[in-house]
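J.: fold the following.
(chains A and B)
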There are 2 protein chains.
Amino acid sequence: MAADSHIVKSYTAELDQLTTMIAEMGGLAEAAVADATLALRRRDSDLAQRVIEGDRKIDALEAQVASNVVRMLALRQPMATDLRTIVAALKIAGDLERAGDYAKNIAKRSLILNQSPVTGPISAIANLSQMVAAMLHEVLDAYVAGDADVAERVRDRDEDIDAAHTSLFRELLTYMMEDPRTITACTHMVFIAKNLERVGDHATNIAENLVYQVRGEHLIDRHVVPGERNEL
Amino acid sequence: MAADSHIVKSYTAELDQLTTMIAEMGGLAEAAVADATLALRRRDSDLAQRVIEGDRKIDALEAQVASNVVRMLALRQPMATDLRTIVAALKIAGDLERAGDYAKNIAKRSLILNQSPVTGPISAIANLSQMVAAMLHEVLDAYVAGDADVAERVRDRDEDIDAAHTSLFRELLTYMMEDPRTITACTHMVFIAKNLERVGDHATNIAENLVYQVRGEHLIDRHVVPGERNEL
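T.: Prediction:
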């Protein structure tokens, strides 16, 4: 009996630890997105460098989540809700790891852009970045609270992000056409904008995985890629 | 005893079915990449449309793999090699599904490009596409054969793809600078080139997952994104 309750307690502790690790990954990914854009806006190459180095911590956490998940599947043989929670954790950790990679990529491109004079619609990029970081923040709050209703509402906001991205993309094309000397810089910004939009897609995936975890509805992981939800 | 051997047989059949579904997904993804580029090269919008519609089948197979994996984890409580095979199948199906999404995105962009006169380095794109489709083909052969050595050799070829992509990217920038009227078309091609390079990254992920499955070495899923392995 004592042994049994020990096992139960330790299992609950393991599930809690998964949630904690994912919350930590989420906080790091959100900060990375915000800092990468700030590094571009303030031309702060030191900050960009810190974002690039900080990505290792997100990667390490994902590896730890994956390792815990495999161990729990093997040793605990979870069923129903627990199984869904564990599988969802693996997927969500993957989405956050990729969000961190996109932030790192933005930081790398900021380093390149900081070597030339300022050009392009930086404030529109900052605006898109803010929308994306806020979406990520809210979906993680929903995750920690286990709230599928909030997750569904957050998911719907991806459309606003797609619209903002499309508008920014067109602005960048106009910049390049009006002044071909900006083509190299603006092409980096086209990718930065796309990276931000992709982080929004991963926030959407997280929302959908949370709905699956809570309600057991069939998991649809859209694995969205550029142009999957919006044309450009 | 009879019941036991029935269970064992049915389990083996389930594992085989996973491999078959992934081989099928791989064949479809490889064809989608080749056809999407062919649609661009031959300005064949009907073919592009078929690639776009065909992506549903890849998505459906991935959903089936995910559903089978969750069921097998729950009912079979696999250990060691079997557990790794099942977890790797889930990851590999995810990579193939995304490869299909990238092909679909290339097809969508082909439809747009086909509305304007021919421009840009189409043959260099076709060349990159061929490299990527070949890599995907070989890693899937290695998967079906369960050959980690071949998988490792295939993985190393991703560097050639990255180099070809970087060269193509620079060619596209030059096109745009020399004739700003090509900016819109060439920006679509920048994304097409990036999509192809990403399919190569997913083929690399598949190779790494196969090594994990066969050897049990710690799974490193790099989840590479633009600029993660090469700067641009």
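J.: now do the residue nearest to the spatial centre of chain A against B:Val214, distance only.
T.: Compute the mean C-alpha point of chain A, and by C-alpha atoms, centre = their mean the closest residue is A:Ala99, 3.3 Å away. Distance from A:Ala99 to B:Val214, counting by C-beta to C-beta, to the nearest Å: 30 Å. Backbone N, C-alpha and C define where each C-beta goes, glycine included.
J.: ok, A:Ala39 next?
T.: Between A:Ala39 and B:Val214 the computed distance is 41 Å (C-beta to C-beta).
J.: what about the longest helix in chain A?
T.: For chain A, the longest helix by residue count, based on DSSP state H, is helix A:2-41.
J.: how much distance is there from the helix or strand that comes right after that helix to the middle of the chain?
T.: Next helix or strand after helix A:2-41 toward the C-terminus (DSSP states H and E): helix A:45-76. Chain-centre distance of helix A:45-76: 13 Å, with C-alpha atoms, centre = their mean, to the nearest Å.
J.: in helix A:45-76, which residues are buried?
T.: A:45, A:47-48, A:51-52, A:54-55, A:58-59, A:61-63, A:65-66, A:68-70, A:72-74, A:76 (16 or more other C-beta atoms under 10 Å in any protein chain shown).
J.: for that helix, name the packing helices and strands.
T.: Other helices and strands packing on helix A:45-76, by 3 or more C-beta pairs under 8 Å, 6 or more residues apart in numbering or on different chains; DSSP states H and E, are helix A:2-41, helix A:80-113, helix B:80-113.
J.: will you turn those helices into CSV that also has distance to B:Asn209?
T.: Shown next, in CSV, are the helices and strands packed on helix A:45-76 (distance: least, C-beta to C-beta, whole Å):
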stretch, distance to B:Asn209
helix A:2-41, 21
helix A:80-113, 13
helix B:80-113, 5
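J.: lowest average pLDDT across these?
T.: Per-stretch mean pLDDT for the helices and strands packed on helix A:45-76 is lowest at helix A:2-41 (a mean of 85).
J.: which of the residues in that helix are classified as buried?
T.: Buried residues in helix A:2-41 (16+ other C-beta under 10 Å): A:14-15, A:18, A:21-22, A:25-26, A:28-41.
J.: tell me what angle that helix forms with helix A:45-76.
T.: Angle, helix A:2-41 to helix A:45-76, by axes from the mean of the first three to the mean of the last three C-alpha atoms, to 10 degrees: 160 degrees.
J.: mind giving me the packing neighbours of helix A:2-41?
T.: Secondary-structure packing of helix A:2-41 (3+ C-beta pairs under 8 Å, 6+ apart): helix A:45-76, helix A:80-113, helix A:122-145, helix A:183-215.
J.: hmm, try it at 6 Å
T.: helix A:45-76, helix A:80-113, helix A:122-145 (3 or more C-beta pairs under 6 Å, 6 or more residues apart in numbering or on different chains; DSSP states H and E).
J.: just the CA coordinates for stretch A:57-70, please, in CSV.
T.: Only the C-alpha atoms of stretch A:57-70 are listed here, as CSV (Å, rounded to 0.1, in the frame of the first residue of the first chain):
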residue,chain,number,x,y,z
LYS,A,57,18.9,25.8,-23.3
ILE,A,58,15.6,25.4,-25.2
ASP,A,59,17.1,22.5,-27.2
ALA,A,60,18.4,20.8,-24.0
LEU,A,61,14.9,21.1,-22.4
GLU,A,62,13.3,19.5,-25.4
ALA,A,63,15.7,16.6,-25.3
GLN,A,64,14.9,16.2,-21.6
VAL,A,65,11.2,16.2,-22.3
ALA,A,66,11.6,13.7,-25.1
SER,A,67,13.7,11.4,-22.9
ASN,A,68,11.2,11.7,-20.0
VAL,A,69,8.3,10.9,-22.3
VAL,A,70,9.9,7.8,-23.7
